[in-house]
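Enquirer: pasting the structure only:
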């Protein structure tokens, strides 16, 4: 799974990005996050991956909690993250983790959505949590 | 073209991202860049778009030069950028702009390439320029 790691972001956001490995040091999950450059109180979770064999073992939860702790130490108290409206699993996970969904410019199946947020045709659900 | 703008990155990297508009304030090009969080002397150009009607009018060149100036003011002297090995236009453009290609782990048609750099299957040519 280490091939899946976007090295680009890992290189530039090393101090707010994390890897979980198994006993044999194989990558089972990772989180790429960064401190917002423009919004001085905000940190952003950009990309999270968990190996299919390690689903439902709270790998993502551990990664998120590690991120929350580290960015708090860096003086940030707002965490933002986005997902695609079709990604129901991610929406449920973020709600579980205490995120609120922000107001968008339209509604899809009862969920607030921001149109073209991540580029053309890339609608996104916007999450926000205070830590 | 403003629909194409990845608002996500614009929001978080507002001070190192730029838009070029025409006389009627329509977006004809944009550059999303950021200051590397981990590499304190480095700035990174993440994503550049130019409207097809405005190709060959040096919009990208102007955007790059604006970026160079701004990141120098912020104390950075290395600019990095990546592109896909198939994107010959981008490779030629970066060479024109004075970038060097960094050593990769393989060669594709005589060009050094880093495997899976931007995620699985996403090989990239890595550019570096001192400003």
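Expert: Yep, it's here. Just so we're clear, the structure is a prediction, and the values are computed from it rather than from any experiment.

Enquirer: The lowest-mean-pLDDT helix or strand in chain A and chain B, are they touching?
Expert: Across the helices and strands of chain A, mean pLDDT, DSSP states H and E gives its lowest value to helix A:7-12, namely a mean of 85. Yes - using Cβ under 8 Å from any Cβ of the partner chain, helix A:7-12 reaches chain B at A:7-8, A:11-12. To be clear about C-beta, it is placed using only N, CA and C from the backbone, and glycine gets the same treatment.

Enquirer: ends of stretch A:31-41, how far apart?
Expert: 20 Å (Cα to Cα, to the nearest Å).

Enquirer: buried stuff in that stretch?
Expert: By neighbour count with 16 or more other Cβ atoms under 10 Å in any protein chain shown, stretch A:31-41 contains the buried residues A:31-37.

Enquirer: Stretch A:68-77 too?
Expert: A:68, A:70-71, A:76.

Enquirer: Kindly reformat those residues as CSV and extend each row with distance to chain B.
Expert: Formatted as CSV, the buried residues of stretch A:68-77 follow (distance: Cβ to the nearest Cβ, whole Å):
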residue, distance to chain B
A:68, 17
A:70, 12
A:71, 11
A:76, 12
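
Enquirer: possible to save these as TSV with secondary structure and pLDDT?
Expert: Listed next are the buried residues of stretch A:68-77 as TSV, based on DSSP: H, G, I helix; E, B strand; the rest coil; pLDDT from 0 to 100:
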residue	secondary structure	pLDDT
A:68	helix	98
A:70	helix	98
A:71	helix	98
A:76	coil	98
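
Enquirer: And for the residue nearest the centre of chain A, nearest residue in space, chain neighbours not counted?
Expert: The residue lying closest to the centre of chain A (Cα atoms, centre = their mean) is residue A:45, at 3.5 Å. Nearest non-adjacent residue to residue A:45, counting by Cβ to Cβ, 6 or more residues apart in numbering or on different chains: residue A:81, 4.1 Å away.

Enquirer: Tell me the bridge partners for the one you found.
Expert: Legend: beta-bridge partners of residue A:81 under DSSP bridges are residue A:45, residue A:127.

Enquirer: Can you give me every residue that contacts it?
Expert: Residue A:81 makes contacts with A:44-45, A:94, A:99, A:127, as judged by Cβ atoms under 8 Å, 6 or more residues apart in numbering or on different chains.

Enquirer: For chain B, see how far away it is.
Expert: Using Cβ to the nearest Cβ, to the nearest Å, residue A:81 is found at 10 Å from chain B.

Enquirer: okay, that residue: pLDDT?
Expert: Looking at residue A:81, its pLDDT reads 97.

Enquirer: I'd like to know how far it sits from residue A:19.
Expert: As for residue A:81, its distance to residue A:19 is 18 Å (criterion: Cβ to Cβ, to the nearest Å).

Enquirer: tell me which residues of stretch A:122-131 are tucked away?
Expert: Quick answer for stretch A:122-131 (16+ other Cβ under 10 Å): A:122-127, A:129.

Enquirer: what do you get for stretch A:12-27?
Expert: A:12-13, A:16-20, A:27.

Enquirer: Flag every residue of chain A that's near chain B.
Expert: Contact residues (Cβ under 8 Å from any Cβ) of chain A with chain B: A:3-8, A:11-16, A:34-39, A:42, A:44, A:82, A:114, A:116-120, A:122, A:124.

Enquirer: Chain A: helices as residue ranges?
Expert: A:7-12, A:59-73, A:88-96 (DSSP state H).

Enquirer: Which one, of those, ends up nearest to residue B:50?
Expert: Relative to residue B:50, the nearest member of the helices of chain A by Cβ to Cβ is helix A:7-12, separated by 21.7 Å.

Enquirer: Now residue A:5. Nearest residue, chain neighbours left out?
Expert: Counting by Cβ to Cβ, 6+ apart, the residue nearest residue A:5 is residue A:30, at 5.8 Å.

Enquirer: how deep is residue A:28 tucked in, by neighbour count?
Expert: 18 (other Cβ atoms under 10 Å in any protein chain shown).
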